[in-house]
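# predicted coordinates and the sequence they were generated for:
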Amino acid sequence: MSRRIWIAASLSMLQFANFACVAAAPTDGLFDRIETAEIDRLVRDVCRKDVVLLGEDASHGGGRTFEVKTEIVKRLVSRCGFGAVLFESQLYDMLDVEHAVADRTATPTRLAGAIGALWARAEESKPLVDYLSRETLAGRIRVAGIDPQVGGIMGAYSKQRLGAALATPLADARREPCRREIDMHNGWRYDDAHPFDDAAQQRLRGCIDDIRIALAAQDIDPGSEVAAMAGSYSRYLDMAMHGDGNQRDLGMYENLQWHRGRWPRGTKVIVWCATVHAAKALHGLATDMTPMGRHLHAAYGERAYGKRVAVIGFTALSGRFGNPGTVGEPNVLQPAEAGALERVVLADSDAGLRYVDGKRLKRLGTIVSRPINYRKQHAAPWADVLDGLVVLREERATTPLRPR
């Protein structure tokens, strides 16, 4: 045996030994032994990937899903060397958190605000936020956002300071008017006297176009932070002004790749997002939509993609799910159809969850399930959409974050 092969084999055996050792450690009570074993199977499947996309229902209201995803994140970081967690959250506010981490002023509250209301207002997300806050301050992982959108309930940076950051490259006479225009839009401070009409849209688009022209004229690195934010904001305007939702997914893909390009080579990343964005393809599940995962699939090519990227979805047999931002009354999951994937997978045991790997998904063929949207059951060849699927016996709706 050559020295190179011997070293590779030894490292592989050491990694497996470490994995087995950690896998035997007790959990915090959230998962029983069968559930823990199923999560371990999933982690082993994706441990060597470069990118793992962890999806969820489009309503972002699955409390049990949040708990399972948080556990997967922790294991991928501790056992498999993943070094970054990216959210379907605003690029801009998460970059502000990155700066706060660098100058040691980051807090869990600030991170939660940047992650946004879809997750941070749920009680089930607090363990994730606390964990990420500790790990980023310790320098063990990075956190980032990939969404080109602005606005929302949270997102203090994009509402208050993004305009000034974007307008920096402009000449003096143009800088302040554009700062005001961007801040007005991001904070949605329009009223009857200042409507978001065609003229306002043209002014906003003109500012972003002028910023990108100024960046090029000043020979500023296209990979710089301000250039990335300006390009992302331009994608957002394409989406918002023309109703083209595909621009959002394309922007998320570009931002994901931008982050990977500026981080140390080999940084393995986890993407926390809705399954509809993570999917390799949608096969009519979302009309005329090209998801972020499809762009990744195309970028790597069929053979390389399977080795480097994995998309994991979530679905449930029964239970309840919440609404975006954990507002309103929970929704009841309608009974799964006879012969639905959820019923088939859970039929042979009383396990709280099962992991369905890609091979079994392929064997199941076209079958009814609901990993894209808890409100709708679809028949689809799910192996073409996902690389793995977590099936929960009972989903639990997210609960509003309790005051501390």
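In hand now; what should we look at? Predicted, not measured: the structure shown is a model, and the values here were computed from it.
# who are the contact partners of residue 104?
Taking Cβ atoms under 8 Å, 6 or more residues apart in numbering, we find residue 104 in contact with residue 137. Using the backbone N, CA and C atoms, a C-beta is placed for each residue, glycine as well.
# which SSE is it in?
Assessed by DSSP states H and E, residue 104 sits outside every helix and strand.
# which residue ranges form the strands in this structure?
If DSSP state E is used as the criterion, the strands of the chain fall at 51-54, 82-90, 142-147, 268-272, 309-321, 331-332, 353-357, 366-369, 378-381, 388-395.
# could you dump the ones you listed into CSV with mean pLDDT added?
Shown next, in CSV, are those (pLDDT from 0 to 100):
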stretch, mean pLDDT
strand 51-54, 98
strand 82-90, 97
strand 142-147, 97
strand 268-272, 98
strand 309-321, 97
strand 331-332, 96
strand 353-357, 97
strand 366-369, 97
strand 378-381, 94
strand 388-395, 98
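# quick one: closest of those strands to residue 31.
strand 353-357 (8.2 Å; Cβ to Cβ).
# partners of the closest one in the sheet?
Strand pairing for strand 353-357, determined by DSSP bridges: strand 388-395 (antiparallel).
# quick one: residues in contact with the strand it pairs with.
The set of residues that contact strand 388-395 without belonging to it, under Cβ under 8 Å, 6+ apart, is 38, 42, 45-46, 62-65, 68, 310-321, 333, 341-342, 345-346, 350-358, 361, 369, 371, 374, 382.
# and for stretch 219-237?
For stretch 219-237, using Cβ under 8 Å, 6+ apart, the contacting residues are 91-92, 95, 148-150, 162, 165-166, 168-169, 204-205, 208-209, 211-212, 215, 247-248, 250-251, 254-255, 258, 261-262.
# how many other residues sit next to the closest residue to residue 80 other than its chain neighbours?
Excluding the flanking residues, the one nearest residue 80 by Cβ to Cβ, 6 or more residues apart in numbering is residue 47, at 4.0 Å. Close neighbours of residue 47, defined as other Cβ atoms under 10 Å, add up to 19.
# same thing with the one 4 residues further on?
By the other Cβ under 10 Å criterion, the neighbourhood of residue 51 contains 23 residues.
# surely it touches residue 271?
Yes: taking Cβ atoms under 8 Å as the definition, residue 51 is a contact partner of residue 271 at 6.7 Å.
# so what sits against both of these two?
Taking Cβ under 8 Å, 6+ apart as the criterion, residue 51 and residue 271 both touch residue 256.
# if we can go back for a sec, can you pull the phi/psi pair for the residue nearest to residue 80?
According to degrees, to the nearest 10, the main-chain angles of residue 47 amount to phi -60, psi -40.
# residue 160 against residue 183, yeah?
Yes: because the distance of 7.3 Å satisfies Cβ under 8 Å, residue 160 is recorded as touching residue 183.
# more crowded one of the two?
Between residue 160 and residue 183, counted using other Cβ under 10 Å, the more crowded position is residue 183 (19 against 12).
# what's the distance between the more buried one and residue 110?
Taking Cβ to Cβ, to the nearest Å as the measure, residue 183 falls 20 Å from residue 110.
# residue 240 too?
26 Å.
# kindly report the same for residue 121.
Remark: distance between residue 121 and residue 110 (Cβ to Cβ) = 15 Å.
# these two: which is more packed in?
A side-by-side neighbour count of residue 121 and residue 110, using other Cβ under 10 Å, places residue 121 first with 21 against 18.
# from residue 74, how far off is the more buried one?
Distance, residue 121 to residue 74, by Cβ to Cβ: 21 Å.
# care to break the chain down by domain?
Annotated domains of the chain cover 31-149+266-329+362-395, 156-244 [automatic domain parsing].
# residue 398 against residue 124, yeah?
Yes: checked against Cβ under 8 Å, the pair residue 398 and residue 124 is within contact range at 5.6 Å.
# give me the common contacts of these two.
In terms of Cβ under 8 Å, 6+ apart, residue 398 and residue 124 are both contacted by the residues 63, 66.
# which one's more surrounded, those two?
Under the criterion of other Cβ under 10 Å, the comparison of residue 398 against residue 124 puts residue 398 first, with 30 against 22.
# quick one, what contacts the more buried one?
Contacts here follow Cβ under 8 Å, 6+ apart; on that basis residue 398 touches 60, 61, 62, 63, 66, 122, 123, 124, 125, 321, 322, 326.
# now these: which count as buried?
With burial judged by 16 or more other Cβ atoms under 10 Å, the buried subset of those is 60, 61, 62, 63, 66, 122, 124, 125, 321, 322, 326.
# and which of those is nearest to residue 197?
For the buried ones among the contacts of residue 398, the minimum distance to residue 197 (Cβ to Cβ) is 31.7 Å, reached by residue 60.
# so where is the stretch 201-350 of the chain shaky, pLDDT-wise?
Across the stretch 201-350 of the chain, the ranges flagged by pLDDT under 70 are 287.
# try it again at 80.
Within the stretch 201-350 of the chain, the stretches with pLDDT under 80 are 283-284, 286-287, 302-303, 306.
# which stretches of it form helices?
225-242, 246-262, 275-278, 292-300, 302-308, 341-346 (DSSP state H, counting those that start in this stretch).
# just these: most buried one?
Ranked by mean neighbour count under mean count of other Cβ atoms under 10 Å, these are led by helix 275-278, which reaches a mean of 27.
# contacting residues around that helix?
Taking contacts as Cβ under 8 Å, 6+ apart, the residues outside helix 275-278 that touch it are 53-58, 88, 249, 252, 271, 282, 285-286, 289, 291-293, 311-314, 371-373, 386.
# hmm, 6 Å instead?
Contacts with helix 275-278, where a contact means Cβ atoms under 6 Å, 6 or more residues apart in numbering, come from 53, 55, 58, 249, 286, 291, 292, 293, 311, 313, 371, 372.
# which phi and psi does the closest residue to the third one other than its chain neighbours have?
This means residue 58. Leaving out its chain neighbours, the residue that sits closest to residue 58 by Cβ to Cβ, 6+ apart is residue 373, at 4.6 Å. When read as degrees, to the nearest 10, the backbone of residue 373 gives phi -150, psi 120.
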